[in-house]
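> after the sequence you'll find the predicted model.
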Amino acid sequence: MARLAQSLQHKGLSMQRRMLININFMVKEVTKSFETFVESIDMNYHEIYYLYQAVSSGMSVPLLFRVEKANNSDDDLIIHEATGTTLRLTRNARSYLPKWIEENLMEGMDAESYYGLKCAMEKD
């Protein structure tokens, strides 16, 4: 990535253009499917909890999930920082996703109960 940024500087591209290229370089796959997004990431319970937090709050979780608006759209993007895998969410999908995460990834528990239980189990 550093080499890419260096080579772009030498070609006289603007900082904004270099940033757009870097962002696009980091986005690997874009999907609208919750299942496809989750299956493409090997998540532990911490990451599941923080995905829930990112989706619920609409705020990024540093080093894990970046939340941003899709270009020319009301859709949101949830980008897994490590892999670049991106989930594109309509407003309706974004409002449903926290419930889907609880039902499918958190064993039917609410986020706080799930995270507390997993942390307690890890200590044992």
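Okay, I see it. Residues are numbered from 1 along each chain as shown.
> mean confidence for the helix or strand where residue 117 lies?
Secondary structure from DSSP states H and E places residue 117 in helix 111-123. Taken as a whole, helix 111-123 has a mean pLDDT of 95.
> dump the C-alpha coordinates for that helix into CSV.
Listed in CSV are the C-alpha atoms of helix 111-123, where the atom choice follows Å, rounded to 0.1, in the frame of the first residue of the first chain:
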residue,chain,number,x,y,z
ALA,A,111,-25.7,-8.1,22.2
GLU,A,112,-24.8,-7.2,25.8
SER,A,113,-25.9,-10.6,27.1
TYR,A,114,-24.0,-12.5,24.4
TYR,A,115,-20.8,-10.5,24.9
GLY,A,116,-21.0,-10.9,28.6
LEU,A,117,-21.5,-14.6,28.4
LYS,A,118,-18.7,-15.1,26.0
CYS,A,119,-16.3,-13.1,28.1
ALA,A,120,-17.3,-15.0,31.2
MET,A,121,-16.8,-18.3,29.4
GLU,A,122,-13.4,-17.3,28.2
LYS,A,123,-12.3,-16.6,31.8
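> quick one: the helix or strand containing residue 52 to helix 111-123, angle?
Using DSSP H and E, residue 52 falls within helix 45-57. Between the axis of helix 45-57 and that of helix 111-123 there is an angle of 170 degrees, by axes from the mean of the first three to the mean of the last three CA atoms, to 10 degrees.
> which stretches of the chain form helices?
With helices called from DSSP state H, the chain shows them at 2-10, 15-26, 34-39, 45-57, 91-104, 111-123.
> mind listing residues that contact the fourth one?
With contacts defined as CB atoms under 8 Å, 6 or more residues apart in numbering, helix 45-57 is touched by 41, 43, 59-61, 64-65, 67, 78, 89, 94, 97-98, 101-102, 105-106, 111, 114-115, 118. For every residue, glycine as well, the C-beta is placed using N, CA and C.
> could you pull up the mean pLDDT of that helix?
Here helix 45-57 scores 97 as its mean pLDDT.
> next, the angle helix 91-104 makes with the helix holding residue 117.
Going by the same axes, to 10 degrees, helix 111-123 makes 40 degrees with helix 91-104.
> who does helix 111-123 touch, helix- and strand-wise?
Using 3 or more CB pairs under 8 Å, 6 or more residues apart in numbering; DSSP states H and E, the elements in contact with helix 111-123 are helix 45-57, helix 91-104.
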